[in-house]
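Participant: task: produce atomic coordinates for the following.
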Amino acid sequence: MRRWIVLIVLWIVLGVPVALLLDFLGVPLPFGIAWILVFAAALLIAQQSFLDESGPWPPPAPEQFQRGSDVSRLAWAIDTRTGVVGMSLRRRVTALADRRLREHGLSLERDDAAAIDAILGPGAHAALTVAELRSPDLDRLLHALESPSVPSNPERA
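Facilitator: Numbering: from 1, shown residues only. Sure thing, here's the model as predicted:
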């Protein structure tokens, strides 16, 4: 707000002598004042930013095009020859398991294997923390994550 007041006062202080000088040179006073106002409007328009500058800079890179749907990419994430689950599918299953464990106040990183196995079934903690997740372990984990009958929150000390 203060900037606008200073700008208006500056235009009045500079505009009055210029209008009087133009009047002295023979230009009609209303015509000289009109040209000063047009010049002031042109300068104000030149200062205006017409681009949206509120976003982050540099702008984020566009997302890369991925072929196929999420389901097809996840299906191809299992190596049928070795039975090893790919990283994209493993991350999703681990995120699902971690969400289910958080509902019971547990965490995959912090809590012991017995408490996690009590909720997700035997061997679930080992399957989620091993270097390579295999297809049979994936089937057991998905079955445990889909089952509606999950025991209540175990008593912990």
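Participant: enumerate the positions of the lengthiest helix in the chain that are buried.
Facilitator: Counting by DSSP state H, the longest helix found in the chain is helix 2-24. The neighbour-count check on helix 2-24 (16 or more other C-beta atoms under 10 Å) flags 11, 15, 19, 22 as buried. C-beta here means a position set from N, CA and C on the backbone, and glycine is covered the same way.
Participant: specify the local secondary structure of the residue nearest to the spatial centre of the chain.
Facilitator: Residue closest to the average C-alpha location in the chain (C-alpha atoms, centre = their mean): Pro60, at 9.7 Å. Secondary structure state of Pro60, per DSSP: H, G, I helix; E, B strand; the rest coil, is coil.
Participant: and of the buried residues of helix 2-24, the nearest to Ala115?
Facilitator: Trp11 (74.0 Å; C-beta to C-beta).
Participant: so the closest one touches Ala40, yeah?
Facilitator: Yes: at 5.3 Å, Trp11 and Ala40 qualify as touching, with contact defined as C-beta atoms under 8 Å.
Participant: helices or strands next to the helix or strand where Phe39 lies in the packing?
Facilitator: Using DSSP states H and E, Phe39 maps to helix 29-47. The contact analysis (3 or more C-beta pairs under 8 Å, 6 or more residues apart in numbering; DSSP states H and E) places helix 29-47 against helix 2-24.
Participant: what residues does the helix it packs on touch?
Facilitator: 29, 31-33, 35-36, 40 (C-beta atoms under 8 Å, 6 or more residues apart in numbering).
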